[in-house]
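K.L.:
Sharing a model prediction with you, sequence too.
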Amino acid sequence: MLDKKRCDWVKPPEFYIRYHDEEWGVPIYNDQQHFEFLVLENAQAGLSFLTVLSKRAGYRQHFAEFDVHQVASFGEEKIQQLCNESSIIRNKSKIVASISNANQFIRIQDEFGSFNNYIWNFVEGRTIVNYWNAISQVPAYTPLAEKISKDLKQRGFKFVGSTTVYAYMQAAGLVNDHLVNCFRHQELFALSKDRR
């Protein structure tokens, strides 16, 4: 599995390598996946994404497979249960933010027909392809991430700073930030051309 040239940040364990090879940067168009990635990036704030990814199964189990309507209905009893659940990040502020964000997510779905319509409109429906040679060139955020962050905050979202939003954009394929020498860069570039 390590024989291919990958982005500099990729390292064992195998599930992290698989995430890079199969998911990171692949354009997603499904609202449930968008919500999952938002919850995971929200949980990541201040931690390594490897830590969050290692708890993904726990999130799927305890966040109703990322069914946004079920998460939006979580009450105080469920919040307390989640705060004691070791298979997720036990940070009450992040848990409460994810539940609150689920409600705002539904409002966006009602306004735009889907969250997918809303978010892809920021990039005019096409992945932004970057050409970085080294991980040091990849920005922590961009003006567009700041714009999206500002819009989400105005809509009531929490834990959606520009760095978190940019990490979400990278994960959800709104941006192709694989290094140019990574085998996935060209594969996803071809995918973004096919979408047009």
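P.N.:
The structure has been received and is ready for your questions. All values reported here derive from a predicted model rather than from experimental measurement.

K.L.:
residues near Pro134, how many?
P.N.:
Heads up, residue 134 is Ala, not Pro. If you count neighbours by other C-beta atoms under 10 Å, Ala134 ends up with 10. Every residue, glycine included, has its C-beta placed from N, CA and C.

K.L.:
I figured it was touching Asp8, is that so?
P.N.:
Yes: in this structure Ala134 lies within contact range of Asp8 using C-beta atoms under 8 Å: 7.1 Å.

K.L.:
got a list of contacts for stretch 30-44?
P.N.:
When contacts are taken as C-beta atoms under 8 Å, 6 or more residues apart in numbering, the neighbours of stretch 30-44 outside the stretch itself are 28, 49, 51-53, 55-56, 59-60, 63, 65-68, 71, 88-89, 91, 94, 97-98, 101-102, 105, 109, 114-116, 119, 158-160, 164-165, 167-168, 171-172.

K.L.:
now swap in stretch 4-12 and tell me
P.N.:
By C-beta under 8 Å, 6+ apart, the residues outside stretch 4-12 that reach it are 16-17, 20-21, 134-135, 178-179, 181-184.

K.L.:
Would you format these as a markdown table with pLDDT, secondary structure and distance to Lys147 included?
P.N.:
As requested, these are arranged in a markdown table below (pLDDT from 0 to 100; DSSP: H, G, I helix; E, B strand; the rest coil; distance: C-beta to C-beta, whole Å):
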| residue | pLDDT | secondary structure | distance to Lys147 |
| --- | --- | --- | --- |
| Tyr16 | 96 | helix | 30 |
| Ile17 | 95 | helix | 32 |
| His20 | 97 | helix | 27 |
| Asp21 | 97 | helix | 30 |
| Ala134 | 95 | coil | 26 |
| Ile135 | 93 | helix | 24 |
| His178 | 97 | coil | 23 |
| Leu179 | 97 | coil | 25 |
| Asn181 | 96 | coil | 30 |
| Cys182 | 96 | coil | 27 |
| Phe183 | 95 | helix | 31 |
| Arg184 | 96 | helix | 26 |
